[in-house]
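Enquirer: A predicted structure for the sequence below; I have some questions about it.
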Amino acid sequence: MNTSNGTLKGNPPPIFNGDRNKTRKFLLSWHLWASVNRNNDAIKNYLSRIVTMLSYMDGVCVDAWKEEQLDKLNEERDDGTLETDEGLWDRFMERFNNAFTNQNCQSKAYQELCKLKQGDSLDDFFAKFKQLAHEADVPLDDKGTIETLKHAMTQGLTSAIINSPTFDPTAKDPWTFKQWEEQARKSHLKWKVAAEFTQRCQGLFQAFKLAPRQVNNPGRGSYGRNNNWRNKNDRCTTSQGGYHMDVDATVTSDINATAGRGQQHSEAKRAELMKSNLCFYCEIKGHQAKDCHKKQADCGNFSGRPNNSREPTRAQVAPIMPDIENLDSLTDYLKENMDSFDEETKLDFIGKLMPKDFPKARN
């Protein structure tokens, strides 16, 4: 068959035997080959094009149909139809599709389209969606197709698109399929970047030997201590004078007014106290502010509780902060003294590493 093509170029279509399951493949191969040879007289002339296509059909299921088509062509020529009349080709293709197209394919493709759900790969999802829409002969920009797309994507991705600044449900012209696809890819990329960032955050918590935190909940605040990580029944605290001591917020404000202690230290002052291993409250060496007896006494006097109502806890000696000259020094220091920090100190440190307005991940 290849030797009879003369100057025709490219790979000719396979021989079609009338199997309806192979119709789509045959037509695709034919149209590609015909496009390559569109300037050849065998393709430009519509009568020659029909005869050429019939030459690539063979088998008991198509022989009678081929004979019928040749008779129809002769009748149309006898009626005065020109060989260059495009209507010859259009009517031939209509008869071919009626005879060999699997009518159940469109219905099956539409059913698969309605059941399609987004998986791990967004590229594969959109490729499959457009393929099924084409096989089902469904316009991509049709309102029903867009609604099918909304339900096929994950709920989080659909919500992200609807909540995007560029989406306007009241717009006169609704979004096309292409606009939905482009925004879906942008929103998905943001989610992936945020998810990678979240993984790094979880790694920090593990490195600091803290329980994993849910950092991708839109209802959560930014990293740091003034967020809602704690249980709602836990006491909320506020920082007083550095990393090592938190007291109840109301007690703190009154103690500051009455006792004149626990004031907010400057960064330089805190660094000096930490370097000298001094308490942030009484500025005496040998203990941390949370174990300071003077602070406990001041708190007890203010709240009306006896000074001995709370047994003093064992003082923990805070590690001396070295002069940090480079990243390696800081890394070695953290490795050696990780267990010496309380949870609040660790959370403070992590909070200072996190960008304040980093977008939260979405599902």
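Expert: Cool, got the structure.
Enquirer: For the strand or helix carrying E147, which residues meet the burial criterion?
Expert: If you go by DSSP states H and E, E147 is part of helix 143-152. For helix 143-152, a neighbour-count test (16 or more other C-beta atoms under 10 Å) marks T145, I146, T148, L149, A152 as buried. Using the backbone N, CA and C atoms, a C-beta is placed for each residue, glycine as well.
Enquirer: Could you check the angle the lengthiest helix in the chain makes with helix 143-152?
Expert: Criterion DSSP state H: the longest helix present in the chain is helix 177-207. Going by axes from the mean of the first three to the mean of the last three C-alpha atoms, to 10 degrees, helix 177-207 is angled at 10 degrees with respect to helix 143-152.
Enquirer: quick thing: my sequence starts at 243, can you match it?
Expert: Okay, residue one is now 243; in that scheme the one you just asked about reads as helix 419-449.
Enquirer: Check which helices and strands helix 419-449 sits against.
Expert: helix 364-377, helix 385-394, helix 397-404, helix 585-595 (3 or more C-beta pairs under 8 Å, 6 or more residues apart in numbering; DSSP states H and E).
Enquirer: Same list, these, but as CSV with distance to A284 and mean pLDDT please.
Expert: What follows is the helices and strands packed on helix 419-449, written out as CSV (distance: least, C-beta to C-beta, whole Å; pLDDT from 0 to 100):
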stretch, distance to A284, mean pLDDT
helix 364-377, 28, 92
helix 385-394, 38, 94
helix 397-404, 49, 93
helix 585-595, 71, 66
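Enquirer: And the ones you listed: which comes nearest R291?
Expert: Among the helices and strands packed on helix 419-449, the nearest to R291 by C-beta to C-beta is helix 364-377 (23.9 Å).
Enquirer: Show me the shaky parts of the protein.
Expert: Within the chain, the ranges that satisfy pLDDT under 70 run 243-248, 345, 442-506, 541-573, 577, 580, 583-605.
Enquirer: mind redoing it with 80?
Expert: 243-248, 344-348, 437-510, 513, 528, 531-532, 535-605 (pLDDT under 80).
Enquirer: can I see the domain layout of it?
Expert: 244-343, 347-431, 486-582 (automatic domain parsing).
Enquirer: circling back to that earlier point, kindly reformat the helices and strands packed on helix 419-449 as a markdown table and extend each row with distance to R427.
Expert: Formatted as a markdown table, those follow (distance: least, C-beta to C-beta, whole Å):
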| stretch | distance to R427 |
| --- | --- |
| helix 364-377 | 7 |
| helix 385-394 | 13 |
| helix 397-404 | 10 |
| helix 585-595 | 30 |
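Enquirer: now for those, which one comes closest to C521?
Expert: The nearest among these, by C-beta to C-beta, is helix 585-595 at 14.5 Å.
Enquirer: possible to save the domains of the chain as JSON lines with distance to T440?
Expert: Shown next, in JSON lines, are these (distance: least, C-beta to C-beta, whole Å):
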{"stretch": "domain 244-343", "distance to T440": "44"}
{"stretch": "domain 347-431", "distance to T440": "14"}
{"stretch": "domain 486-582", "distance to T440": "22"}
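Enquirer: The protein: strands as residue ranges?
Expert: Residue ranges of the strands in the chain, as given by DSSP state E, are 479-481, 488-490.
Enquirer: between the helix holding E389 and helix 397-404, how big is the angle?
Expert: Using the same axes, to 10 degrees: helix 385-394 against helix 397-404 is 130 degrees.
Enquirer: Which other helices and strands does helix 385-394 contact?
Expert: helix 364-377, helix 419-449.
Enquirer: For the ones you listed, could you give me CSV that also reports distance to T412 and mean neighbour count?
Expert: Shown next, in CSV, are these (distance: least, C-beta to C-beta, whole Å; neighbours: other C-beta atoms under 10 Å):
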stretch, distance to T412, mean neighbour count
helix 364-377, 26, 16
helix 419-449, 15, 16
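Enquirer: closest one to S518 among those helices?
Expert: Closest among the helices and strands packed on helix 385-394, using C-beta to C-beta: helix 419-449, at 27.6 Å.
Enquirer: contacting residues around D261?
Expert: C303 (C-beta atoms under 8 Å, 6 or more residues apart in numbering).
Enquirer: Try it again at 10 Å.
Expert: Counting by C-beta atoms under 10 Å, 6 or more residues apart in numbering, D261 makes contact with K267, F268, G301, C303, V304, F342, N344.
Enquirer: again with I257
Expert: So I257 contacts M243, F268, S297, Y298, M299, D300, G301, V304 (C-beta under 10 Å, 6+ apart).
Enquirer: Pull out the buried residues from those residues.
Expert: F268, Y298, M299, V304.
Enquirer: give me every residue that touches A306.
Expert: So A306 contacts G260 (C-beta under 10 Å, 6+ apart).
Enquirer: separation between it and K532?
Expert: 96 Å (C-beta to C-beta, to the nearest Å).
Enquirer: Over to L520?
Expert: 14 Å.
Enquirer: Kindly report the same for D574.
Expert: Taking C-beta to C-beta, one finds D574 at 26 Å from K532.
Enquirer: So these two - more neighbours on which side?
Expert: Counting neighbours by other C-beta atoms under 10 Å for D574 and for K532 shows that K532 has the greater number, 19 against 12.
Enquirer: that older thread, minimum distance to T323: which of the helices and strands packed on helix 419-449 has it?
Expert: That would be, of the helices and strands packed on helix 419-449 and by C-beta to C-beta, helix 364-377, which comes in at 32.1 Å.
Enquirer: what's the angle from the closest one to helix 419-449?
Expert: Using the same axes, to 10 degrees: helix 364-377 against helix 419-449 is 160 degrees.
Enquirer: coming back round to it: relative to N405, which of the buried ones among the contacts of I257 is nearest.
Expert: For the buried ones among the contacts of I257, the nearest to N405 is F268 (46.3 Å; C-beta to C-beta).
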